[in-house]
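*Asks:* can't give you the sequence, but here's the structure:
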């Protein structure tokens, strides 16, 4: 469990942003997974967000990415979402 003011720091290789290189890693990933274990085309930010954490910083160096994540901010104050959906007054 992560403390409310805590951070998760990740440093890993990820899918390249370049479209051609990204497609190449998509094709090579099954082979590298079988031979070496890691997947080359991970989508780290989407995986982090899926855990309920919030990505607060990203620094990219080629295929290496440093990602900082923290607990997702909690809403404060009264719920006003109904007003924006056209419900209520």
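*Replies:* Yes, it's here. Note that this is a predicted model, so its numbers are computed, not measured. Numbering: from 1, shown residues only.
*Asks:* mind listing what the residue nearest to residue 11 when sequence neighbours are not counted touches?
*Replies:* The shortest distance from residue 11 to any non-neighbouring residue, by C-beta to C-beta, 6 or more residues apart in numbering, is to residue 66 (5.2 Å). From N, CA and C alone the C-beta is placed, and that goes for glycine too. Residue 66 makes contacts with 9, 10, 11, 57, 58, 59, 60, as judged by C-beta atoms under 8 Å, 6 or more residues apart in numbering.
*Asks:* so residue 66, which of the three states?
*Replies:* At residue 66 the chain is in strand, as set by DSSP: H, G, I helix; E, B strand; the rest coil.
*Asks:* that one pairs with what?
*Replies:* Applying DSSP bridges to residue 66 gives these bridge partners: residue 11, residue 59.
*Asks:* any idea how far it is from residue 27?
*Replies:* Using C-beta to C-beta, to the nearest Å, residue 66 is found at 26 Å from residue 27.
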